[in-house]
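Participant: 3D model of this:
(chains A and B)
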Amino acid sequence: MKPITITKSCQLKADILTVNGCEEPFDFKELVADASLRRRMSRIVKMGVACGLKCAEDLPSDSIDGIVTATGLGCLGDTEKFMESIVVNNERLLNPTPFIQSTFNTIGGQIALLRGIHSYNVTYVHRGLSFESALIDAAMQVADGKRNVLLGAVDEITASSADIQRRLGMTRKYELGEGANFFVLNATTPGSNRPAILDIDTRSGRMTDDETIEWIVEMAKRNSINASDLCIVANRNATTADSVANRLSLKNKPLPFKTCEYHTLSAQALDFAINNSTANNTLIISDYQGINHSLILLGRI
Amino acid sequence: MKIAVTGLGAVSGIGLNVSGNVESLRRKRHGMARPQFFATELDVPVSEVKLSNAELAKCLNLNAERVYSRTALLGLMAAREALTDSGISTDKMRVGFISSTSVGGMDLSEVFYNDFRTDHNRGRLRMVSQHDCGSSTEFIANQLGIKGFQTTVSTACSSAGNAIMLGARMLKHNMLDAVIAGGTDALCKFTLNGFNSLMILDKEHCRPFDATRAGLNLGEGAGYIVMQRYEDAVREPYCLLTGYANANDAYHQTGCSPEGNGAFKSMSEAMTVASLQPSDIDYINVHGTATPNNDLSEATAIRRIFGDSVPFSSVKAFIGHTLGASEGIEAVYSALSVKNGYVYPNLNFKSVDPNIGLSPETEFAEGRNIRNVLSNAFGFGGNDTSLIFSKID
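Facilitator: Here you go, the predicted model:
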């Protein structure tokens, strides 16, 4: 694939907004001036819309040729609110707002609405590969000549989802987390020394360490990179990363990415990698529950 | 590069497979009835697939002891039909599976929630572990032995159109050799109450484009198409997928702009992708939900591009609005339209709406020379998708 430049990255986590890795103050009231609209927005919608608007703020609306978003579980708070109202009110006279906002593409749609962006707008909801799916789509858009694509990922924890995930045993290794990440992607300008996506691949189902290593070597080879020059960022599975580092005799130690757990965590890993890795080539290895795997290869162009 | 449509699969309230659907369309047999496969207080017509979950599991040779979301069962039924129809084998090439859904396993989550809401330690976990949209996709892919790329799209009612579009683009980018793309959605209390709260459900049988239309009826089902590069097809393709586009109305979270700006843009761009002129489109499978707002807005956009000369119809009065599955099922219908010259009747149309001034097709026809079919799917969040299916020249 053609390299895709990332010209801006924004992250909103625990009410802290970072732009290209640096903390920035922000006021949601300035981003969304309409008070009644703000009031209707649930927490995840606010998180996503704030982060997305911040990331796109320097770009004229008509220069944004695509908005591609990802979420593992979508707007859970509103989903539960509407479910509860069905039970409590016995299916009568329900407030439609939580139903409307429970839709998975709410955040992408709201950003388009608030900024008047009429271009391509799609949302991916595929467990631990939601963000990767959105990234593949966005990369194809840029390769096809689209100018700027706004790529984002958002997930929220609620009290109910935390209790369910705990009962399902999904928190044995990690604390639960949440967050919003957005990126501006466009075609590479050579010589700009900006971080760029060189390759991305996904796999489904169980994988052994041997298979993972073979997969990494294959990706390095087709991008004419020496596998031993890679700097690894392990998204969740640090033991695999150590084993990969040993087996491939990597010159760099894996970069420690402190992980929590939510479906679109790879978006946070990407933000971390582009703002912290000094290596020429960085590889993000993600493993969600042992069944969703991805490799994202980064370089500087 | 030519993208060929080489396999079709559909299940809806009017048929359990593609031929069953066509037979009902031909005989004008709709699928509307009072809800019978989920509990609800609401007294509105819906188009349900006429089998219980246990019957569906049996048809699919699944272990009846296990719990499956209805979305997964319907999806497997249609996706398996499409894959078999295409004659491709999943282990000899890069076969992808791109599915869409608007509610995923919500039918099970609702049952779970009844116990869980008062005590978070209660509720059977197997009833909630299929809640997320990716669950049905992974289940279907595993059942079909698909090891390649998998993903799930969810953009409300245009979801399956976007899944098909992604599949075509991944073929063009040589990321896949074949792809099964479409969508699946089961009806449940959550969805029915959601649309009821928006006050856009008609208590009677819906009447797309009619002057007296008063809202939509919901439906459930699944539809998938198999796409391959034309030269790779192992069977004679039904047609080509030549155009696709998604655009955003950016007008309102749930309503459409009066000028139909998003629809105008998605239809225009799909024609640009296909290198076609408005005069090349011989039939439009409209979104046509039968809400006053959608049909007027869509008709306005159609007029702006095509004037009043292109035959069109909505199948929503047959199968209901099947949400995340709608463009999957309707893509199957559109592909057959090109292949066999089918035109589908727009049921319940009696009088022209003076604000629209257009009359849809009301009789089933076959053998017409249909070079290109345009198919629309529009959803919440201003999400508008148009696909174009074309004869193989």
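Participant: gap between the residue of the stretch 1-150 of chain A found nearest chain B and residue B:28?
Facilitator: Going by Cβ to the nearest Cβ, chain B is nearest to residue A:109 of the stretch 1-150 of chain A, at 2.5 Å. For glycine as for every other residue, the C-beta is placed from the backbone atoms N, C-alpha and C. Per Cβ to Cβ, to the nearest Å, residue A:109 is found 36 Å from residue B:28.
Participant: higher neighbour count, the two?
Facilitator: The neighbour comparison of residue A:109 against residue B:28 (other Cβ atoms under 10 Å in any protein chain shown) goes to residue A:109, with 32 against 15.
Participant: for the more buried one, what are its contacts?
Facilitator: Shown in contact with residue A:109 (Cβ atoms under 8 Å, 6 or more residues apart in numbering or on different chains): A:103, A:121, B:248, B:253, B:380-383.
Participant: among those residues, which ones are in strands?
Facilitator: A:121, B:248, B:383 (DSSP state E).
Participant: quick check: the first one touching residue A:108?
Facilitator: Yes - taking contacts as Cβ atoms under 8 Å, residue A:121 lies within contact range of residue A:108: 5.0 Å.
Participant: overlap in contacts of the two?
Facilitator: A:67-68, B:155, B:381.
Participant: returning to that earlier point: in terms of helices and strands, where is the residue of the stretch 1-150 of chain A closest to chain B?
Facilitator: According to DSSP states H and E, residue A:109 maps onto helix A:106-115.
Participant: could you export that helix as CSV, CA atoms only?
Facilitator: C-alpha atoms of helix A:106-115 as CSV (Å, rounded to 0.1, in the frame of the first residue of the first chain):
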residue,chain,number,x,y,z
THR,A,106,-24.0,8.9,16.0
ILE,A,107,-20.5,10.5,16.6
GLY,A,108,-19.5,10.4,12.9
GLY,A,109,-23.0,11.8,12.0
GLN,A,110,-22.8,14.6,14.7
ILE,A,111,-19.4,15.8,13.5
ALA,A,112,-20.7,15.9,9.9
LEU,A,113,-23.8,17.8,11.0
LEU,A,114,-21.9,20.3,13.2
ARG,A,115,-19.3,21.0,10.6
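Participant: buried residues of that helix, list them for me.
Facilitator: A:106-115 (16 or more other Cβ atoms under 10 Å in any protein chain shown).
Participant: same check on stretch A:20-39?
Facilitator: Neighbour-count burial for stretch A:20-39 [16+ other Cβ under 10 Å]: A:20, A:26, A:31-32.
Participant: out of these, who's nearest residue B:92?
Facilitator: Nearest to residue B:92 out of the buried residues of stretch A:20-39 is residue A:20 (Cβ to Cβ; 45.4 Å).
Participant: so that closest one sits against residue A:7, correct?
Facilitator: No - applying Cβ under 8 Å as the test, residue A:20 and residue A:7 come out as separate, 9.2 Å apart.
Participant: any idea which of the contacts of residue A:109 the model trusts least?
Facilitator: Lowest pLDDT of the contacts of residue A:109: residue B:253, 88.
Participant: distance of that residue from residue A:107?
Facilitator: 11 Å.
Participant: measure stretch B:314-333 end to end?
Facilitator: 11 Å (Cα to Cα, to the nearest Å).
Participant: could you do stretch A:185-200 as well?
Facilitator: 14 Å.
Participant: got the residues of the stretch 151-300 of chain B near chain A?
Facilitator: B:151-156, B:162, B:166, B:169-170, B:173, B:175, B:189-190, B:193-194, B:196-199, B:245-254, B:261-262, B:265 (Cβ under 8 Å from any Cβ of the partner chain).
Participant: which SSE is the most centrally placed residue in chain A in?
Facilitator: When Cα atoms, centre = their mean is applied to chain A, the residue found nearest the centroid is residue A:267 (2.8 Å). Element membership of residue A:267, judged by DSSP H and E, is helix A:265-276.
Participant: report the mean per-residue pLDDT for the strand or helix carrying residue B:267.
Facilitator: Using DSSP H and E, the element containing residue B:267 is helix B:261-274. Here helix B:261-274 scores 98 as its mean pLDDT.
Participant: who's in contact with residue B:32?
Facilitator: Contacts for residue B:32 (Cβ under 8 Å, 6+ apart) come out as B:13, B:45-47, B:205, B:217, B:317, B:320.
Participant: and with 10 Å instead?
Facilitator: With contact taken as Cβ atoms under 10 Å, 6 or more residues apart in numbering or on different chains, residue B:32 is in contact with B:13-14, B:44-48, B:204-206, B:217-219, B:317-320, B:347.
Participant: please list all residues in contact with residue 266.
Facilitator: Defaulting to chain A. Applying Cβ under 10 Å, 6+ apart, we find residue A:266 in contact with A:70, A:128-132, A:135, A:153, A:181, A:233, A:235-236, A:273, A:284-288, A:292, A:294, A:296.
Participant: that answer is for a different chain, and I need it for chain B
Facilitator: By Cβ under 10 Å, 6+ apart, the residues touching residue B:266 are A:118, A:120, B:158, B:161, B:244-249, B:260, B:301, B:374, B:376-378, B:383-387.
Participant: right, I'll call it a day here.
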